[in-house]
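Engineer: structure here, sequence nowhere to be found:
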């Protein structure tokens, strides 16, 4: 389990369009929103990433970068970026399932073709949304066992405004006896 205010696992992946995303050197003023998604096969992911694409400039205004990541390869990742008409949102690909587990993501097995007729990979990670500070510590985290009921990006933008103006610390950091 990832712990707020503690260092997250390292994360380095190829980016669509070239280059590499490296969380340790991402260079954002206030942090990075890391959105792990299931893959091209998931119609709910496309809807969710469309919203993140729309909100990415709002995050940027607050000094926060965004990235969408899955275990899909470059071709399926490009197809997802094309599907949502991505212009602002960065896409990382080839997430290993062992790295997904380090981040606390759940792993699912294929059930064949989805409702949109795209084959699921044999194994893939379920969604997760994280806000990571420039020091690579966890500020916010949410993981799902299913593609449904994900955090809203509009609420995260609003929460960032509150956190910035009130210097609100990451919560959930206690790991002692209860």
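Structural biologist: Good, I have the coordinates. Note that the coordinates shown come from a computational prediction; the quantities given were computed from them, not determined experimentally. Numbers count the residues shown, from 1 in each chain.

Engineer: my guess is residue 128 meets residue 138, correct?
Structural biologist: No: judged on C-beta atoms under 8 Å, residue 128 makes no contact with residue 138 at a distance of 11.4 Å. Backbone N, C-alpha and C define where each C-beta goes, glycine included.

Engineer: tell me, what's touching the two both at once?
Structural biologist: Residues touching both residue 128 and residue 138 (C-beta atoms under 8 Å, 6 or more residues apart in numbering): there are none.

Engineer: for the helix of greatest length in the chain, what is the average pLDDT?
Structural biologist: Using DSSP state H to define each element, the chain has its longest helix at helix 43-61. Per-region confidence: helix 43-61 scores 98 on mean pLDDT.

Engineer: who's in contact with the following helix or strand past it?
Structural biologist: Per DSSP states H and E, the first helix or strand lying C-terminal to helix 43-61 is strand 64-69. Strand 64-69 has contacts (C-beta under 8 Å, 6+ apart) with 11, 13, 21, 26-37, 49, 52, 55-56, 59-60, 80, 88-93, 95, 131, 160.

Engineer: all helices of the protein, in order?
Structural biologist: Assigned by DSSP H, the chain shows helices spanning 43-61, 74-83, 97-102, 153-166.

Engineer: who touches the third one?
Structural biologist: I take that to be helix 97-102. Residues contacting helix 97-102 (C-beta under 8 Å, 6+ apart): 9, 11, 36, 71, 107, 123-125.

Engineer: nearest to residue 43, of those?
Structural biologist: residue 124 (14.3 Å; C-beta to C-beta).

Engineer: for residue 20, see how far away that closest one is.
Structural biologist: 22 Å (C-beta to C-beta, to the nearest Å).
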